[in-house]
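Engineer: What follows is a predicted protein model with its sequence.
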Amino acid sequence: MNDMDHEEKTTVMLRLPSTLSIYSGGKSQLLLQADTVEQLLHELQCQHHMVWEHLCTEHGHIRNHIQIFVNNELITGDDGLKILLKPGQEVVVLPAAIDA
């Protein structure tokens, strides 16, 4: 039995807008280990708490003015947080379009 298969999480790239990179030490790309979007946000909370605070409410929900995309698809609702991530996949964070 190989424990690494169960312990090793997928490494993905989180791309941040430049407005949030000031909270991640100037980085607009963060490598994080997570198998789902939900795990990705948890890792972000642990490793880059200031970025997480700008993406999520204190209850862990994605803020209304933030959009998160996986494979160019907008993540919506709690079901979207369960989407499985693939090794090397990019997760893109964008500010939501503001209706005039």
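Structural biologist: In hand now; what should we look at? Not measured: the values here are computed from a predicted model.

Engineer: CA atoms for contacts and neighbours, from now on please.
Structural biologist: Will do.

Engineer: Strands of this structure, start to end?
Structural biologist: According to DSSP state E, the chain carries its strands in the segments 11-15, 29-33, 66-70, 73-74, 90-95.

Engineer: contacts for the shortest one?
Structural biologist: With contact meaning CA atoms under 8 Å, 6 or more residues apart in numbering, strand 73-74 is reached by 67-68.

Engineer: Could you give the separation of it from the chain centroid?
Structural biologist: How far strand 73-74 lies from its chain's middle: 13 Å, per CA atoms, centre = their mean, to the nearest Å.

Engineer: and what of the second one?
Structural biologist: Here strand 29-33 shows a centroid-to-chain-centroid distance of 9 Å under the convention CA atoms, centre = their mean.

Engineer: Specify the angle between that strand and strand 90-95 in degrees.
Structural biologist: Strand 29-33 runs at 130 degrees relative to strand 90-95, counting by axes from the mean of the first three to the mean of the last three CA atoms, to 10 degrees.

Engineer: Could you shift the numbering so residue one becomes 49, and keep it that way?
Structural biologist: Yes, from this point I'll number from 49; that puts the last item at strand 77-81.

Engineer: Just the pLDDT at residue 69, thanks.
Structural biologist: Here the pLDDT value assigned to residue 69 is 94.

Engineer: now do residue 148
Structural biologist: 45.

Engineer: for residue 90, same thing?
Structural biologist: You'll see residue 90 listed with a pLDDT of 95.

Engineer: That one: neighbour count?
Structural biologist: When neighbours are defined as other CA atoms under 10 Å, residue 90 has 16 of them.

Engineer: What's the separation between it and residue 145?
Structural biologist: Residue 90 sits 25 Å away from residue 145 when distances are taken as CA to CA, to the nearest Å.

Engineer: same deal with residue 123?
Structural biologist: Separation of residue 123 from residue 145 (CA to CA) stands at 15 Å.

Engineer: now residue 132
Structural biologist: Counting by CA to CA, the gap from residue 132 to residue 145 is 26 Å.
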